[in-house]
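# After the sequence you'll find the predicted model.
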Amino acid sequence: MSLFRDEGVNVSTARIARAAGVSNGTLFNYFPTKQALIDALYISIKNDLAEAVGTIPAEGSIRTRMRLVWDRWFAWARHNRDAYAVMNLLLQSNLASPEAQQAGSDAIKGRSVLTEAMDSGALVDLPLEYLAGLIQRQLDQAVMSDLNDDQARVAFGVLWNGITQPMKETP
């Protein structure tokens with residue numbers, strides 16, 4: 001992970017093997033291709049994030065449950081900055097395969113809350129993937145800005161106000 005963080009997406013498998021203290025051939029015994037290594041790293045990070053997000057209770061308002069996902073994701077990202085940076089690097093550079101990206105998305109239980117929010121009509125009428133991406137970028141900005149917990153709560157409020165259906169004004 002540290003090599004991807006420090007050297008970016010062009011780090012060689014030889015460099016990875018050397019840092020791991022194994023031969024390049026041994027590395028390929030575990031990961032037949034560099035893509036397999038990248039995908040395994042991406043999925044491992046997403047699984048760690050999924051564990052941090054945990055199970056979201058079915059009780060409570062959608063806003064409360066989405067806020068819980070936000071708080072847990074944000075806390076994980078603040079305490080695992082290297083993993084968070086590498087996860088985003090692999091995703092944004094399109095190095096994580098579509099299959100790995102899907103496996104990573106499937107691991108995050110909070111996504112079901114987003115789907116429920118869409119199905120209930122609580123959110124604006126935009127594609128789920130767009131809204132998921134918007135939430136991800138808002139989280140990225142909160143982490144990169146090194147917001148404290150109180151500021152992160154305000155940031156969630158800004159996000160929530162932007163993705164929910166506006167209330168009808170009374171005359």
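Structure received.

# what separates Ile135 from Pro32, distance-wise?
34 Å (Cβ to Cβ, to the nearest Å). In short, each C-beta sits where N, CA and C put it, glycine included.

# contacts for the top helix by length along the chain?
Identified as the longest helix of the chain according to DSSP state H is helix 34-53. With contact meaning Cβ atoms under 8 Å, 6 or more residues apart in numbering, helix 34-53 is reached by 1, 4, 13, 16, 27, 31, 69, 72-73, 75-77, 80, 83-84, 86-87, 90-91, 95-97, 99-101, 103-105, 107-110.

# So Ala55: helix, strand or coil?
That one is not Ala; residue 55 is Thr. coil (DSSP: H, G, I helix; E, B strand; the rest coil).

# okay, it: pLDDT?
Looking at Thr55, its pLDDT is 87.

# Give the burial count for Tyr130, as a bare number.
The number of residues packed near Tyr130 is 11, by other Cβ atoms under 10 Å.

# if we can go back for a sec, return the members of the contacts of helix 34-53 classed as buried.
4, 16, 27, 31, 69, 72-73, 76-77, 80, 83-84, 86-87, 90-91, 95-97, 100-101, 103-104, 107-108, 110 (16 or more other Cβ atoms under 10 Å).

# quick one: which of those residues sit in strands?
Using DSSP state E to define strands, no part of the buried ones among the contacts of helix 34-53 is located there.

# where along the protein do the helices fall?
In the chain, the helices defined using DSSP H lie at 2-7, 13-20, 24-30, 34-53, 62-79, 81-92, 98-107, 111-120, 128-144, 149-163.

# Now do the fifth one against helix 34-53, angle only.
Read that as helix 62-79. 120 degrees (axes from the mean of the first three to the mean of the last three Cα atoms, to 10 degrees).

# again, but for the second one
Per the same axes, to 10 degrees, the angle that helix 13-20 makes with helix 34-53 is 50 degrees.

# From the rest of the structure, what touches the lowest-mean-pLDDT helix or strand in the chain?
The helix or strand of the chain with the lowest confidence, counting by mean pLDDT, DSSP states H and E, is helix 111-120 at a mean of 86. Helix 111-120 has contacts (Cβ under 8 Å, 6+ apart) with 56, 62, 65-66, 69, 105, 123, 128, 131-132, 135.

# got JSON lines for the residues you listed, with distance to Gln165 too?
Below are the contacts of helix 111-120 laid out as JSON lines (distance: Cβ to Cβ, whole Å):
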{"residue": "Ile56", "distance to Gln165": "21"}
{"residue": "Ile62", "distance to Gln165": "12"}
{"residue": "Arg65", "distance to Gln165": "17"}
{"residue": "Met66", "distance to Gln165": "14"}
{"residue": "Val69", "distance to Gln165": "19"}
{"residue": "Ser105", "distance to Gln165": "24"}
{"residue": "Leu123", "distance to Gln165": "7"}
{"residue": "Leu128", "distance to Gln165": "15"}
{"residue": "Leu131", "distance to Gln165": "12"}
{"residue": "Ala132", "distance to Gln165": "17"}
{"residue": "Ile135", "distance to Gln165": "16"}
